[in-house]
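In: Okay, here's the prediction I keep looking at, along with the sequence it came from:
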Amino acid sequence: MTTLDSTVDYDVLIPNNVALASDARVRRGLERWHPGYIDWWMDMGPDGFQTSDVYLRTAVRVESKGADKWAVFDYVKMPDYRWGILLAPQAEDRTIPFGRHVGEPAWQEVPGEYRAMLRRLIVIQGDTEPASVEQQRFLGKTAPSLYDMRNLFQVNVEEGRHLWAMVYLLQKYFGRDGREEAGELLRRRSGSDDAPRMLGAFNEETPDWLSFFLFTFFTDRDGKMQLESLAQSGFDPLSRTCRFMLTEEAFHMFVGESGVTRIVQRTCEAMAAAGMDDPSDVDAVRALGVIDLPTIQKKVNLHYSLTLDLFGSELSTNSANFFNAGLKGRFREHRLEDDHRLLDATYGILEPSNGARSNGGWHIVQHPALNALNARLRDDFTDDCNLGVGRWNKTIRQTGVDFEITLPHVAFHRQIGVYRDLHATPDGEIVPEDEWSRRRHEWLPNDSDRAFIESLMKPEFRPGHYASWIAEPRIRINHKPGDFEWVKLAEA
Ligand SMILES: [Fe+2]
Ligand SMILES: [Fe+2]
């Protein structure tokens, strides 16, 4: 029944809108991959909740049409979630939007000369999807409410679906190599010594719910930036895949931003109720059972700097090659007004004026824009982050507390790129290494910060109740009231 349509065929093992029914080779390949995926989900997916009924959103079409919404909500046991292969509809007469092939018809098949590059892009994107599920697998046990637990699981099943999306591209377009890569995506594990995930931030722990909200705010937002760039791809199946993933990704941004908003709101309200106006009196604020703002700032510093590293080196010939080839564009390339080839363009990168060791300040150095695409995407990311940070600060201001959350300097706590070998404070002052090490815990969480946050991570599983450190949500999901039973916990 289904062709390259916006409706999804659910009468099959692998729901899809890509006519798998008439593509026996790919269908069989995916059916063979399916049991390994379910094993991975049972092993590495949310621990302890696989038999609970979760009020989940499932995509039923790839765009809303009038009253027909793109997704439906219902109780689902996570292992029964219908992970499907969903591509945004094919745009008629789409052309390659950038690079040396700009204006030529978009590719429906893999261009032979770019096969290896394209496969690498898909594998790197694919590897991040299961990684975050692995990082978050124990968080359900300490959920501050059933509402938050449900949101965690929604993010998790959708990351699982994003893995399916990349595996589909690998199996459909890369034959035997693609099947091997699809297998490897199930073999690597976040934080593993012998088979880690490919990118650093995806091997870090997500030990508590503040980390989870900051991860979805920052690291899922890196995902959004990457997907936005890949959605521009001249390889049309990749573009269509990423376009639909972005529809789901918007919810992940919401979870992160609103989660942190609710935490700072609760902290500020508790301070106001106790007549406290000094946010830096950390012990007094903590005694109220809420997370003090300076510790939230330290966690922001950590997650932001780890996520910046995901953009790679500021100057990158790989990224220039991806762009020239028409495989990976810029953030919202279609809205930019230039030649889309970057033949003579330059892009400024902030560099230390007198080298890495002296604090001679910073200046902007112009580089060929083609080589600076990673820096540009990272700067677009920072702009996007600042919109959310501004809304957190508005929440703080409204309570009358005098504190502002800020993103640290781009050079702070970096492991990759031009800032790697220098030691910068969050204000961008370059200091000697020993000073940086000595002051490190003014800026990043220390053991006692971590222990305090951990002490708050107690489950609150009664419908309509919330842990002491987080405010009730203001935004409803599918019009349901706050005391809705978002997860029906299975009897132990
Ligand atoms: Fe994702
Ligand atoms: Fe995500």
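Out: Cool, got the structure. Model, not experiment: these values are computed from the prediction. Numbers count the residues shown, from 1 in each chain. Ligands and ions are numbered 1, 2, ... in the order given.
In: Just the element for His303, please.
Out: helix 293-309 (DSSP states H and E).
In: next structured bit after that helix?
Out: Per DSSP H and E, the helix or strand that comes after helix 293-309 is helix 317-324.
In: Give the buried residues for that next one.
Out: Ser319, Ala320, Phe322, Phe323, Asn324 (16 or more other C-beta atoms under 10 Å). C-beta here means a position set from N, CA and C on the backbone, and glycine is covered the same way.
In: Against Asp281, how distant is the residue in the chain sticking out farthest from the centre?
Out: The centre of the chain is farthest from one residue, Gly275, which by C-alpha atoms, centre = their mean lies 37.5 Å away. According to C-beta to C-beta, to the nearest Å, Gly275 stands 12 Å off from Asp281.
In: before we move on, what about Gln50?
Out: Taking C-beta to C-beta, one finds Gln50 at 43 Å from Asp281.
In: repeat for Ala270
Out: In terms of C-beta to C-beta, Ala270 sits 13 Å off from Asp281.
In: what's the spatially most central residue of the chain in contact with, if anything?
Out: Closest to where the C-alpha atoms of the chain average out (C-alpha atoms, centre = their mean) is Asp220, at 1.1 Å. Neighbour list for Asp220: Ser132, Val155, Glu249, His252, Met253, Gly256 [criterion: C-beta atoms under 8 Å, 6 or more residues apart in numbering].
In: For it, pull up the helix or strand it's in.
Out: Per DSSP H and E: helix 220-230 holds Asp220.
In: where along the protein do the strands fall?
Out: With strands called from DSSP state E, the chain shows them at 53-59, 71-77, 346-352, 362-368, 487-488.
In: which of those sits most buried?
Out: strand 53-59 (a mean of 22; mean count of other C-beta atoms under 10 Å).
In: Could you list the alpha-carbon positions for that one in PDB?
Out: The C-alpha trace of strand 53-59 is given here as PDB (Å, rounded to 0.1, in the frame of the first residue of the first chain):
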ATOM      1  CA  ASP A  53       3.400   0.700  30.100                       C
ATOM      2  CA  VAL A  54       4.800   4.000  29.000                       C
ATOM      3  CA  TYR A  55       2.600   6.700  27.400                       C
ATOM      4  CA  LEU A  56       4.700   7.100  24.300                       C
ATOM      5  CA  ARG A  57       4.400   9.100  21.000                       C
ATOM      6  CA  THR A  58       4.800   7.000  17.900                       C
ATOM      7  CA  ALA A  59       5.100   8.600  14.400                       C
END
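In: Now find how far off-centre that strand is within its chain.
Out: 20 Å (C-alpha atoms, centre = their mean, to the nearest Å).
In: if we can go back for a sec, so for Ala106, which of the strands of the chain sits nearest?
Out: strand 53-59 (23.5 Å; C-beta to C-beta).
In: what sits against the residue of the stretch 151-300 of the chain found nearest ligand 1?
Out: Taking C-beta to the ion, ligand 1 has its nearest neighbour within the stretch 151-300 of the chain at His162, 3.7 Å off. Shown in contact with His162 (C-beta under 8 Å, 6+ apart): Gly126, Glu129, Met245, Glu248.
In: taking those residues one by one, which sit in helices?
Out: Of the contacts of His162, the ones assigned to helices by DSSP state H are Gly126, Glu129, Met245, Glu248.
In: Put the alpha carbons of stretch 339-356 into PDB.
Out: Extracted in PDB, the C-alpha atoms of stretch 339-356 (Å, rounded to 0.1, in the frame of the first residue of the first chain):
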ATOM      1  CA  ASP A 339      27.400  31.500  -3.800                       C
ATOM      2  CA  HIS A 340      27.000  28.200  -1.800                       C
ATOM      3  CA  ARG A 341      30.500  27.300  -3.000                       C
ATOM      4  CA  LEU A 342      32.600  29.500  -0.700                       C
ATOM      5  CA  LEU A 343      35.200  30.000  -3.400                       C
ATOM      6  CA  ASP A 344      36.600  33.300  -2.000                       C
ATOM      7  CA  ALA A 345      34.800  33.600   1.300                       C
ATOM      8  CA  THR A 346      36.600  33.800   4.600                       C
ATOM      9  CA  TYR A 347      35.500  33.000   8.200                       C
ATOM     10  CA  GLY A 348      37.000  34.400  11.400                       C
ATOM     11  CA  ILE A 349      38.200  32.200  14.200                       C
ATOM     12  CA  LEU A 350      39.100  33.500  17.600                       C
ATOM     13  CA  GLU A 351      42.700  32.700  18.400                       C
ATOM     14  CA  PRO A 352      45.100  33.600  21.200                       C
ATOM     15  CA  SER A 353      47.100  36.700  20.300                       C
ATOM     16  CA  ASN A 354      50.500  35.600  21.600                       C
ATOM     17  CA  GLY A 355      50.300  31.900  21.400                       C
ATOM     18  CA  ALA A 356      49.000  29.400  23.900                       C
END
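In: Report the rounded mean pLDDT for it.
Out: For stretch 339-356, the mean pLDDT works out to 90.
In: Which residues does that stretch contact?
Out: The contact list for stretch 339-356 (C-beta under 8 Å, 6+ apart) reads 97-100, 102, 314-315, 323, 333, 338, 358, 360-370, 372, 375-376, 410-411, 418, 421-422, 430.
In: Show me which residues of the stretch 251-400 of the chain are close to ligand 2?
Out: Taking C-beta under 5 Å from the ion as the criterion, the stretch 251-400 of the chain approaches ligand 2 at residues His252.
In: Nearest to ligand 2 within the stretch 251-400 of the chain, name that residue for me.
Out: His252 (3.8 Å).
In: can you tell me which residues contact that residue?
Out: Val155, Glu158, Thr216, Asp220, Gly223, Lys224.
In: please redo it, this time with the cut-off set to 10 Å
Out: 132, 151, 154-155, 158-159, 215-217, 219-221, 223-224 (C-beta atoms under 10 Å, 6 or more residues apart in numbering).
In: quick one: Ala471 and ligand 2, what's the gap?
Out: Distance from Ala471 to ligand 2, counting by C-beta to the ion, to the nearest Å: 23 Å.
In: got it, and Arg189?
Out: Using C-beta to the ion, Arg189 is found at 19 Å from ligand 2.
In: wait, that residue sits on Met198?
Out: No. Here Arg189 lies out of contact with Met198, judged by C-beta atoms under 10 Å, at a distance of 11.7 Å.
In: Mind listing the shared neighbours of the two?
Out: Ala131.
In: follow-up on the earlier one: so between Ala270 and Asp281, which is more surrounded?
Out: With neighbours defined as other C-beta atoms under 10 Å, Ala270 and Asp281 compare such that Ala270 has more, 20 against 14.
In: Would you check that the more buried one makes contact with Val285?
Out: Yes. With contact defined as C-beta under 10 Å, Ala270 reaches Val285; the gap is 7.6 Å.
In: and for the two, which residues touch both?
Out: Met276, Ile291.
In: Pull the distance from the helix holding Asp220 to the chain's centre.
Out: 8 Å.
In: Just the mean pLDDT for it, thanks.
Out: 97.
In: That helix vs helix 317-324, what angle?
Out: On the basis of axes from the mean of the first three to the mean of the last three C-alpha atoms, to 10 degrees, helix 220-230 is oriented at 50 degrees to helix 317-324.
In: For ligand 2, tell me whether helix 220-230 is touching it.
Out: Yes. Applying C-beta under 5 Å from the ion, one finds helix 220-230 touching ligand 2 at Asp220, Gly223.
In: All set now, cheers.
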